[in-house]
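J.: missing the sequence, but the structure's below:
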């Protein structure tokens, strides 16, 4: 499980509705436990304007949901 620690305003995670404490269970159908941290990051990143499909358990909920998160360029 990968937990969201924070999102960046204007980033895809925030646009997709992810918030602090949400748990990512799968990235594009692959369990995060199989991917490891680096593998998850590689699969989450991608061309700006494309999407990544995440299976997420949101705070306070008992059933995970699948959401498509837009990929956005993060400007620091």
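T.: Arrived safely. Since the structure is predicted, the reported quantities are computational estimates derived from the model, not experimental observations. Residues are numbered from 1 along each chain as shown.

J.: which helices and strands sit right next to the worst-scoring helix or strand of the chain on mean pLDDT?
T.: Every helix and strand of the chain was ranked by mean pLDDT, DSSP states H and E. The lowest is helix 12-15, at a mean of 91. Judged by 3 or more CB pairs under 8 Å, 6 or more residues apart in numbering; DSSP states H and E, the packing partners of helix 12-15 are strand 65-70. The way it works is simple: take the backbone N, C-alpha and C, and place the C-beta from them, glycine included.

J.: what packs against the strand it packs on?
T.: With contacts taken as 3+ CB pairs under 8 Å, 6+ apart, strand 65-70 sits against helix 12-15, strand 51-57.

J.: okay but residue 2 is in contact with residue 33, surely?
T.: No. Checked against CB atoms under 8 Å, the pair residue 2 and residue 33 is beyond contact range at 9.6 Å.
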